[in-house]
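K.L.:
give me the fold of what follows.
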Amino acid sequence: MKQGTRGSAATGEAVTGRAATGRLRVPEQPAAGEAARGEHTHGEHAGRGEHALPRPRAVVRRSSVRGQILDALRTALVTGDLRPGEVYSAPVLGERFGVSATPVREAMQQLTLEGAVEVVPNRGFRVVERGARELAELTEIRALIEVPVMMRLARTVAPERWAELRPLAEGTVRAASSGCRATYAESDRAFHRAVLALADNEQLVRIAEDLHRRTQWPLVGPAPGARGRAELVADAHEHTALLDALIAGDVDVVHALVTDHFHGAP
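P.N.:
Okay, here's the model as predicted:
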């Protein structure tokens, strides 16, 4: 697959009209090195006394903006608006969001750690190209982690605890019915996260969600993972069927459903 771009990221040509960056408007933030109100001088204190803390309002706002940008970029990855192999510059994406390049660059650095993008020196960030083999490998790892945990939980968790997850399972069906891959991806992760949380192992939940998120990124070419609404709805109904079996305590059905669910992942 070609690793180039459709234009120079520095001039803005690398970001096309399909980039999902126009949907979020956030307050403009000061560029790196600029003074932000409430966070820079020793003389600005919230109260009297030389040990009073500076007001944190600007810092909180900046963190919130970075989080919003990160969420929007993750959505764009799932929908394919950030296309595999393309290079995107932080300044140009910042213009699309209505913010400086700094929070965009920080969000992109997080996506680099997650394996979604890679740094291209002096140009920006390239969306990583993924093939069917990588997807299969990630799905296999998810199954190796989640299936044994779900089977253990099926034998130990009380029916009423499973019943509490009903709104999340039904929420995945509604999300799938919308046909929006990003909406369903978020709802799907929320359901799996809630199930695994019953194991009371934060590291397990964190690792499983990272793997789950990576399986949701689209593949290059005519992606076999780009499922339509009907397939998303069928996948979501597996959640409700699984929950019914868990509430009923039918371990054999749970095992069959979980195995089939991962076979058809993401």
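K.L.:
helices of the stretch 101-250 of the chain, residue ranges please.
P.N.:
Taking DSSP state H, counting those that start in this stretch as the test, the helices found in the stretch 101-250 of the chain are 101-114, 132-156, 159-163, 166-177, 181-197, 202-215, 229-248.
K.L.:
flag every buried residue along the fifth one.
P.N.:
Going back to what we said before, that points to helix 181-197. Along helix 181-197, the positions that meet the burial threshold by neighbour count (16 or more other C-beta atoms under 10 Å) are 181-192, 195-196. C-beta coordinates here come from the backbone N, C-alpha and C atoms, glycine included.
K.L.:
now the helices of the stretch 101-250 of the chain in CSV, with distance to residue 82?
P.N.:
Formatted as CSV, the entries for the helices of the stretch 101-250 of the chain read as follows, by distance: least, C-beta to C-beta, whole Å:
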stretch, distance to residue 82
helix 101-114, 9
helix 132-156, 17
helix 159-163, 37
helix 166-177, 21
helix 181-197, 12
helix 202-215, 14
helix 229-248, 20
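K.L.:
among those, which is nearest residue 78?
P.N.:
Among these, helix 181-197 comes nearest to residue 78, with 4.6 Å by C-beta to C-beta.
K.L.:
next, the angle helix 202-215 makes with the closest one.
P.N.:
Orientation note: helix 181-197 sits at an angle of 160 degrees relative to helix 202-215 (axes from the mean of the first three to the mean of the last three C-alpha atoms, to 10 degrees).
K.L.:
report all helices and strands that helix 181-197 contacts.
P.N.:
When contacts are defined as 3 or more C-beta pairs under 8 Å, 6 or more residues apart in numbering; DSSP states H and E, helix 181-197 packs onto helix 57-79, helix 132-156, helix 166-177, helix 202-215, helix 229-248.
K.L.:
now do residue 24, the pLDDT please.
P.N.:
As predicted, residue 24 sits at a pLDDT of 43.
K.L.:
and residue 80, by the same measure?
P.N.:
On the pLDDT scale, residue 80 gets 85.
K.L.:
quick check: phi and psi at it.
P.N.:
Main-chain torsions, residue 80, degrees, to the nearest 10: phi 90, psi 10.
K.L.:
find the nearest non-adjacent residue to it, please.
P.N.:
In space, not counting the residues next to it along the chain, residue 80 is nearest to residue 218; the distance is 4.6 Å by C-beta to C-beta, 6 or more residues apart in numbering.
K.L.:
spatially central, which residue of the protein would that be?
P.N.:
If you average the C-alpha coordinates of the chain and look for the closest C-alpha using C-alpha atoms, centre = their mean, you land on residue 74, 4.9 Å from that point.
K.L.:
correct me if wrong: it contacts residue 108.
P.N.:
No - between residue 74 and residue 108 there is no contact under C-beta atoms under 8 Å: 11.2 Å.
K.L.:
spit out the contact partners of the residue nearest to the centre of the chain.
P.N.:
With contact set as C-beta atoms under 8 Å, 6 or more residues apart in numbering, residue 74 has these partners: 111, 116, 213.
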